[in-house]
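Undergrad: What follows is a protein structure lacking sequence information:
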């Protein structure tokens, strides 16, 4: 969705129980997550690489300013949600990027979720320790 008055392009990303609302606009390559800089919010280099992957796949790392509001889940789920939101916003802004984003797997939502705990067990699958005596 393109916001007419401010020239933002929106994208929504989800991963595990995290939801990211992403806005992009042409700019200098600044990335802000929950009003904090990218290295401040994601100190782990792997999470930053995951988040920037759609921008690098389209060679537009320094061409867009990215503003992300993300909530829910943990840090890994949030990084994945941000990456999907960025990829979807890039696809809306520049439809010619879709093939590169699709080939890199950036437009595919990772549907893996935490498995629920079952009754009679200690976790989702782990049973109690067996004691013969």
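TA: Ah, there it is. Bear in mind the structure is a predicted one, so any value in this text is a computation, not a measurement.
Undergrad: can you give me the mean pLDDT across stretch 45-64?
TA: Average pLDDT, stretch 45-64: 95.
Undergrad: Assign a three-state SS to residue 84, would you?
TA: Reducing the assignment at residue 84 to three states with DSSP: H, G, I helix; E, B strand; the rest coil gives helix.
Undergrad: Need the pLDDT of it.
TA: 97.
Undergrad: List the residues that contact it.
TA: 11, 13, 14, 15, 20, 106, 107, 109, 110 (C-beta atoms under 8 Å, 6 or more residues apart in numbering). C-beta coordinates here come from the backbone N, C-alpha and C atoms, glycine included.
Undergrad: repeat that for 10 Å
TA: Going by C-beta atoms under 10 Å, 6 or more residues apart in numbering, residue 84 touches 11-15, 18, 20, 22, 51, 54, 106-110.
Undergrad: cool, residue 9 as well?
TA: So residue 9 contacts 1-3, 22-26, 64, 88-94 (C-beta under 10 Å, 6+ apart).
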